[in-house]
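Turn this into a structure:
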Amino acid sequence: TWSKDFAGWLFRTQTLTLYKSPSFSLTSRPTETERDFRVRLQQAAREARDQQAEKLRQKYAPKLAALGERKRRAEQAKEREAAQAKQSQIQAAISVGATILGAFLGRKAVSASTIGKATTAVRGAGRAIQASNEVSAAEENVAAIDRQLAALEGQFSEETESMLSVFDPLLEALDTVALKPTKSNITVRLVALAWVPYWQEGQGRLVSAWQ
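Next comes the predicted model:
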C-alpha cells in the first residue's frame with residue numbers, strides 16, 4: 001500500500017526540469033546543473049565551430065589559390081614588361097643620340113641615310129613609349145588582382161566573425177523542458193519504515209537523540 005501511495009505521489013507532484021539548447025539540439029542530463037550543461041555546450045560549440053571553419057576554408061581556398069596564381073603570373077608579366085621597357089628606352093636613347101651625333105659630325109647635315117636613321121630612332125622611341133604603357137597596364141593588372149584578393153579576404157573574415165558570434169553558449173537563452181513521470185515508468189525499489197528518536201524538552205522543542 002505504501003509503495004502504491006508513493007508511486008501515486010510521484011506521478012501527481014513530481015516534475016523533472018531539464019535545459020535544452022535550441023542551437024545545438026542538446027538537452028541537459030537529469031543531474032546536470034545549468035553551469036555544467038553550458039560547459040558541455042562550449043565543447044560542442046568548439047567542435048561545431050571547427051567543422052564550420054573547415055568548410056569555410058574549403059569554400060574560399062580555391063578562390064584564394066586562383067587569385068594568388070593570377071597575381072604570381074601578373075607579377076612575372078610586370079617584371080618582364082619592365083625589363084623590356086628599360087631595354088627599349090636604352091636602345092631608343094642610343095639610337096637617337098647616335099643619329100643626332102651623326103647629323104652634326106657628318107659631312108652632310110641632311111642625307112637619305114641620316115633621315116633613315118632618324119626615322120628608325122623615332123620608331124624606337126615610339127616602341128619605348130609603348131613598352132612603358134604596357135608596364136603601366138601590367139601594374140594596373142597587379143593592383144586590380146590585389147583589390148580582388150583584399151575583397152575576398154575581407155569577405156572571408158566577415159563570414160568567420162559572423163560564425164564565431166553564433167557559437168556562444170554562454171549568451172544563448174536556454175529553453176526548459178518539464179518532464180512528468182508516467183505510471184508505467186515509475187518503479188519503487190524499496191519502501192521502509194524508519195524510526196528516528198528525539199528528545200522533547202520541557203518547552204516542547206525536539207532535540208535529536210542520536211547525536
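
all contacts plus neighbour counts: C-alpha atoms, from now on.
Fine.

Leu149 belongs to a helix?
Yes. Counting by DSSP: H, G, I helix; E, B strand; the rest coil, Leu149 falls inside a helix.

Test my guess that it contacts Ala66.
No. In this structure Leu149 lies outside contact range of Ala66 using CA atoms under 8 Å: 9.9 Å.

more crowded one of these two?
In terms of neighbours (other CA atoms under 10 Å), Leu149 is the more surrounded of Leu149 and Ala66; the figures are 19 against 12.

give me every residue that touches that one.
By CA atoms under 8 Å, 6 or more residues apart in numbering, the contact set of Leu149 is 64, 67-68.

Check the gap between the nearest residue to Leu190 once chain neighbours are set aside and Leu64 for me.
In this structure, Leu190 finds its nearest non-sequential neighbour in Ser3, 7.9 Å apart by CA to CA, 6 or more residues apart in numbering. Counting by CA to CA, to the nearest Å, the gap from Ser3 to Leu64 is 70 Å.

picking that back up, touching, the residue nearest to Leu190 and Val188? I think so.
Yes. The criterion here is CA under 8 Å, and Ser3 meets it with Val188 at 6.4 Å.

So for these two, which sits in the more crowded spot?
More crowded of Ser3 and Val188, by other CA under 10 Å: Ser3, with 14 against 11.

give me the element that one is part of.
Per DSSP states H and E, Ser3 falls inside helix 2-13.

helices or strands next to the helix or strand just after that helix in the packing?
Note on helix 2-13: by DSSP H and E, the next helix or strand toward the C-terminus is strand 16-21. Helices and strands touching strand 16-21, as assessed by 3 or more CA pairs under 8 Å, 6 or more residues apart in numbering; DSSP states H and E, comprise strand 26-27, strand 175-179.

got the angle for strand 16-21 vs strand 175-179?
Interaxial angle of strand 16-21 relative to strand 175-179 (axes from the mean of the first three to the mean of the last three CA atoms, to 10 degrees): 150 degrees.

Direction included, what does strand 16-21 pair up with?
The pairing partners recorded for strand 16-21 under DSSP bridges are strand 26-27 (antiparallel), strand 175-179 (antiparallel).
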